[in-house]
Structures are given as C-alpha cells and as structure tokens.
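>>> only geometry, no sequence info:
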C-alpha cells in the first residue's frame, strides 16, 4: 500500500493518556505530520512500545495503574527503549513534578492546556534531536564495529608477525654460519644442524645428551673452567677445544657461551664454529716458522762450529810440528845407548849436542804453548759438543706430547744456539733460578718462543748498534718461581717498542722490521704457543729509549 | 845471517783462533805476531806495531773487519799494508783454498788450513 509505505517513512508518535478526550485535538492535528498511535494506560503503552518502538512518546503523568512516571522509569531502564524521547503531558503545574519527570529521563514537559504550536515545535525539535542522536549512535556503533574489525585484524596481524618473527629467528639460527645451541640442565635442548655438523653428529643424536660427552677427554677439565670464566664475564674471547665426532675424528671448535632464560628457567646459549682448518694451518705456520728459524740458526751454528774447527785444526797442526821437534831431541837419547859411559868426553859431547838441539827447538816455548794448545783444543771440542747437545735439545723430539721441561736447560740451549745472532750486538747474561721446578709443556715449541724473543732482542739492539757505532747492548734473561707460575723474563736495552706499535706486536704479520729481517710471525706464534698450548701468559713492558722486557708465565700445574 | 822477521797483526774476537794461528806462524821462525781480540783497539796497536801484513776477521762484535780495514786504508802509515780477510760466512766454494780477490781484497774462508794460509801470506808479502 502506497499510503502505508508513506506512513512508515513518517515518524511514529505514541500518545499515552487514560482520558483520550484530553488529547483528541492534539492527536488530530499531529496525525497530519506523524503516524500517531494511542495507548490508554501505562500497561498498554508498555506493550505498544515493545511491539513497535515509536520515535517519540507523549506521556500523561496522571494515570491509574502504571502512572506516567513509572512507565518512564521502566522505559529508561530497558536498553531497547531507553533512547526513545519521552515528553510528559500534565495538567499539573508544579516544579517538583517537573523535576521528578526530568530526573527520570524525560526530555520535556508540556502542561495542559496545550498550545498546539508549541507542542508541535517541541515534538519536532525532539524528533530532530533523536534523529541526530540515532545517527550519532549509529556512527558510533559503526566505528565501534570498524574498531572491532580492525582490532581483530591487528590481532591476526600480530599473530602472523609473531609467527613470522619466530620463523625469522628460526631461520637466522638454522641458517647462520655459526652453530647455535641451547643447554639446559646440562643437556642440549636445542641445536641447529650447523652446530651438529660442526660437532660431527646429527641433531637428533645430540638433543638430550650432555655436551661433555663429545668433548675430547683431555680438554674436558679445561673447557669447564673456560666456560665458567666466560659465564662469569671474566672471559670475553671465545675458547677453543677439541671434540670427537661420531666418526671418531678430532675437530677443533671455537665457542662462546652466555646465560639466558629459556622456558622460564636458566639456560645457556652457545655459538660455535669449526676451526679445524685454521688450527691445522697454524700448525703448518708454526712448522714453517720453525724451519725458517732453524735455517736462520743453521748459518749461525755453522759459524759457531767453524771457530773451534779453525783453532783446533791450527793447534793440532802446531802440535804436529812441535812433536816432530821434540821427537828429534828424544831420538838423540838413543845415541846414548851406543856410547861407552866411561868415555866421558863423548858423553859430554852428545849431551852438548842434545842441549843444542833442545835450544834450537825452543823447548821453553813449546813447554809453555803445548799445554795451552791442548787445553784450548779440548775446550774447542767441548764447544762443539755443547752446540750439538743444544741442537738436540732445541729440536726436542716428541713435540706432540706434553712432557716435563727443564726451563733453565731449554733457555741455556737456546742461548748457545743463538749465540751468533746476539753476540755482535749484545752481552747476554742469564740469571736462572737454581731451584726452578719442572713445567709440563712442549719443549720444542717453548724453545722456539725463547729463540724468537732472543732474536727480537738482538735485532732491537742492532738498531742501536748501527746508529751509534760500537755500543753493545745488554740482554738479560732470568727465571724464577712466582707462586704457582714459573716466570721467564727476557730484557733488552734496545730502543723500546714505539707506542703506536705496542697494541699490535702480537698480531700475525705485524712487523716493524725491515724486509728480510722478520715475517711478523714470531710474536704471534709465541703468543699462540704460550697462551693456547701452555695455558700461560705473555706480556711486555717497554720504555722508549730504555728497552723492552718480555715476560712469560707458565703454570707449573697444567689446568 | 839475521833475517828480519815479518810482523803480522792478527785481529779476531776469538782468543783461541789468534792464539793457534800465532803458534803456527811463530813455529815457522819467520814471523813476529801480535794478537788483537778487541777490534776497537786494533788501529792504535797497528800504528805502534807497524805490521807487514794484517789477518783480519770480518764478523766481529762492536766493529766489523770491513770498518777496521777502511780505517787502516785511511791511515798514513798503514795504508799500504796488505790485508787478508778471514771469514766464516763465506765458503770455500766462494773463494777457493788459496783465497779470492774481491774488490782488490783477499778473502779466505774459515776454517782455513795453515798451509793455505801460509801460502797466501807468502804471496801477499811477495807482491807487497
């Protein structure tokens, strides 16, 4: 019905009054603009509102049963109806009632008798207001809905990004060049494939096992100490140790470890890489440096042996001649046999001849020189023997195994062998503690370190010698026991290490020497041998113009 | 007949080397020998001793043989004195047994047999 559809677009009014006559005129007029329904009691009004919520209610206050106030109270108490504007109609004209009605949520008060124009104006205003309010409400509802959807989207987004983040971290961990692992309750709880590969196992076989199991037995005690040091924050550089792979192969691992919280409980997170190749290269470097040093020493040793060979040879040559001379005198004594002892003139004559002969060969000279020549020759042979012994000591066999080292003896051997390296630029003194305990270590490697330091000191002094002619420097080598360490000090009176070079002296390939005088490997290798192979320390004190002292400290008991 | 002995100055930081060479040179009865083991006092002693020939070690602490030879060559009274260098850092392959002339200087490689040394000394004294 076109009329109906028309009316439905018009605002709905509900007029509530028990005496319809009171409002007849009013409703008649309102029907022109609004769709008007009427209820004649409070109860009716409630029903009507429930069935067809109107846009506005004109509500009489004074009614039997549910009065206007009560109807209003109920309407306002119900969320579905509370937004319908209520205008009280009353014959009363008392402030108290008006206040009560407004307090209940009514929007307006119209007193009888009505002024049609005012009533209509107010109805229009309130409907307009409601329309705006409704629109605002709807807008609010709409935005709330939007908000809810957006919140949902956000939640989804967060969940997604958390997933992605987890995925990202997992990828970072799994694809990282360094192996990553977690240890909790002393067992692997997580380990990346990379880490497992480095260790030489598969992931599954490591999860739940104790890390110690795969560590090279000899390294177990020391790695524990190193790891504890690192967790305490005492150590910031990664530690290195060996593992035994599933295939029973030894690999070198470099590792760091740090405390974290995992699953609400303390755990350790670790990073590791396989440095086996680097280690092997270092061993080769060490080996080639050793060969280089031996080559350098060989020339010096040849010279050192040359000297006694020269004078022992000369002395023997001298004694050969002297022996011939002496023999010529002694052989004359045989003539005495054939002489008649009573023929005194003949005897005297022969003695005279022998004495002459003896004088001719300057027997006094020979008897002074021959013992000296013998003594010096024996000393010369002793010198060669000492050099040969030192050579044997220096390239001590069995370099792969730790053995008891006599530090003093090692130093003495190295001093002997390197004599030709330092004797032109330095006077060398060794003050070696006689009660020095033996130290567990690698003798050949240790000798290498001492040699490097002596050669360095000698070369430092050479710089001085070449500048101011004929000023020999000093190298002082001393040993002593200091608590649980043996300390070796090699001090020179050279020009000192320049400040800008001090922090780099242990860097591989760093050198301040001229081309041909050093590869820059000596101190790097010395540090590697002392720190990594012996668990010791190497450091230096230097003063420009006054000299340098290198200190080595080796633990008597190896960790 | 009194033959004037030739004076030979031996300079080497190794005491035993100069002592052994001196013995052999003296045993020939032809030489008067002075041993110097500290090269820094060699020049002053050479001026006093006036050697006919100097046997000089090259590698010595404080002052090497080359520097001393240069000092000798610059000295008015010693400039013409022949020098034979002895060195352990050159080899017989480099110089041969009878010595080798390098830049007008004669070099002998240690260890040198006395006979070779004597031959070289005789040659030097003959041509000086």
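Noted; the coordinates are in hand. No experiment lies behind these values; they were computed from the predicted model shown.
>>> what does stretch B:77-91 contact?
With Cβ atoms under 8 Å, 6 or more residues apart in numbering or on different chains as the test, stretch B:77-91 has contacts from A:299, A:302-303, A:306-307, A:310, B:12, B:46-47, B:50-59, B:65, B:69, B:72-73, B:99, B:105-110, B:112, B:117, B:120-121, B:124-125, B:127-128. (C-beta placed from N, C-alpha, C; glycine too.)
>>> enumerate the residues of chain A near chain B.
Counting by Cβ under 8 Å from any Cβ of the partner chain, the residues of chain A close to chain B are A:299, A:302-303, A:306-315, A:317-318, A:321-322, A:365, A:369, A:372-373, A:376, A:379-380, A:423-425, A:469-470, A:472.
>>> could you say which helix or strand contains the residue in chain A positioned nearest to chain B?
Proximity of chain A to chain B (Cβ to the nearest Cβ) peaks at residue A:314, 3.5 Å away. Assigned by DSSP states H and E, residue A:314 belongs to helix A:276-333.
>>> how far does that helix sit from its chain's centre?
Put simply, helix A:276-333 sits 51 Å off its chain's centre (Cα atoms, centre = their mean, to the nearest Å).
>>> for stretch A:378-397, same thing?
46 Å.
>>> can you list the buried residues in it?
Neighbour counts over stretch A:378-397 (16 or more other Cβ atoms under 10 Å in any protein chain shown) mark A:380, A:383, A:386, A:387, A:390, A:391, A:393, A:394, A:395, A:396 as buried.
>>> hmm, which of those is lowest in pLDDT?
On pLDDT alone, residue A:396 ranks lowest of those, at 68.
>>> chain A contacts on chain B?
Residues of chain B lying near chain A (Cβ under 8 Å from any Cβ): B:14, B:16-17, B:19-21, B:23-24, B:26-27, B:40, B:59-64, B:67, B:88-89, B:110-114.
>>> just the buried residues from these, in ChimeraX please.
Entered in ChimeraX, the line below selects the buried ones among these, by 16+ other Cβ under 10 Å:
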select /B:14,16,17,19,20,21,23,24,26,27,59,60,61,62,63,88,110,111,112,114
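>>> chain B: helices as residue ranges?
B:15-27, B:42-49, B:65-74, B:92-95, B:114-127 (DSSP state H).
>>> I'd like those as JSON lines, with distance to residue A:131 and mean pLDDT appended.
As requested, these are exported to JSON lines (distance: least, Cβ to Cβ, whole Å; pLDDT from 0 to 100):
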{"stretch": "helix B:15-27", "distance to residue A:131": "128", "mean pLDDT": "95"}
{"stretch": "helix B:42-49", "distance to residue A:131": "127", "mean pLDDT": "94"}
{"stretch": "helix B:65-74", "distance to residue A:131": "118", "mean pLDDT": "88"}
{"stretch": "helix B:92-95", "distance to residue A:131": "121", "mean pLDDT": "60"}
{"stretch": "helix B:114-127", "distance to residue A:131": "134", "mean pLDDT": "92"}
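>>> of the ones you listed, which is nearest residue A:236?
helix B:65-74 (52.6 Å; Cβ to Cβ).
>>> packing partners for the longest strand seen in chain A?
Taking DSSP state E as the criterion, chain A has its longest strand at strand A:250-262. Packed against strand A:250-262 by the contact rule (3 or more Cβ pairs under 8 Å, 6 or more residues apart in numbering or on different chains; DSSP states H and E) you find strand A:179-184, helix A:193-199, helix A:220-232, strand A:239-244, strand A:265-274, helix A:276-333.
>>> burial of the nearest residue to residue A:322 once chain neighbours are set aside, as a residue count?
Among residues not flanking residue A:322 along the chain, residue A:366 sits closest, at 5.0 Å (Cβ to Cβ, 6 or more residues apart in numbering or on different chains). By other Cβ atoms under 10 Å in any protein chain shown, 22 other residues sit near residue A:366.
>>> for residue A:229, give me its contacts.
Per Cβ under 8 Å, 6+ apart, neighbours of residue A:229: residue A:235.
>>> quick one: it and residue A:188, what's the gap?
21 Å (Cβ to Cβ, to the nearest Å).
>>> next one: residue A:49
From residue A:49 over to residue A:188 (counting by Cβ to Cβ), the distance is 72 Å.
>>> and residue A:58, what element?
Secondary structure from DSSP H and E places residue A:58 in strand A:56-60.
>>> who does that strand pair with, and is each partner parallel or antiparallel?
strand A:12-16 (parallel), strand A:86-90 (parallel) (DSSP bridges).
>>> and the helix or strand following the first one, what's buried?
What that stands for is strand A:12-16. Next along the chain after strand A:12-16, taking DSSP H and E as the criterion, comes helix A:21-30. Within helix A:21-30, the residues that qualify as buried are A:22, A:23, A:26, A:27, A:29, A:30, counting by 16+ other Cβ under 10 Å.
>>> can you check stretch A:188-196 too?
Buried residues in stretch A:188-196 (16+ other Cβ under 10 Å): A:188, A:190, A:191, A:192, A:194, A:195, A:196.
>>> now do stretch A:264-279
By neighbour count on 16+ other Cβ under 10 Å, the buried set for stretch A:264-279 is A:267, A:268, A:269, A:270, A:271, A:272, A:273, A:274, A:275, A:276, A:279.
>>> got those as TSV, with pLDDT columns?
Formatted as TSV, the buried residues of stretch A:264-279 follow (pLDDT from 0 to 100):
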residue	pLDDT
A:267	89
A:268	89
A:269	91
A:270	91
A:271	93
A:272	94
A:273	94
A:274	93
A:275	91
A:276	89
A:279	81
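>>> coming back round to it: deepest of the helices of chain B, which one?
helix B:15-27 (a mean of 23; mean count of other Cβ atoms under 10 Å in any protein chain shown).
>>> determine the set of other helices and strands touching that helix.
helix A:276-333, helix A:363-394, strand B:6-11, strand B:31-36, helix B:114-127.
>>> quick one: closest of these to residue A:126.
Of the helices and strands packed on helix B:15-27, nearest to residue A:126 by Cβ to Cβ is helix A:276-333, at 88.7 Å.
>>> quick one, the closest one and helix B:114-127 angle?
Between helix A:276-333 and helix B:114-127, the angle comes out at 80 degrees (axes from the mean of the first three to the mean of the last three Cα atoms, to 10 degrees).
>>> now do the next helix or strand after helix A:276-333 against helix A:363-394, angle only.
Where DSSP H and E defines the elements, the next helix or strand beyond helix A:276-333 is helix A:344-360. Interaxial angle of helix A:344-360 relative to helix A:363-394 (the same axes, to 10 degrees): 50 degrees.
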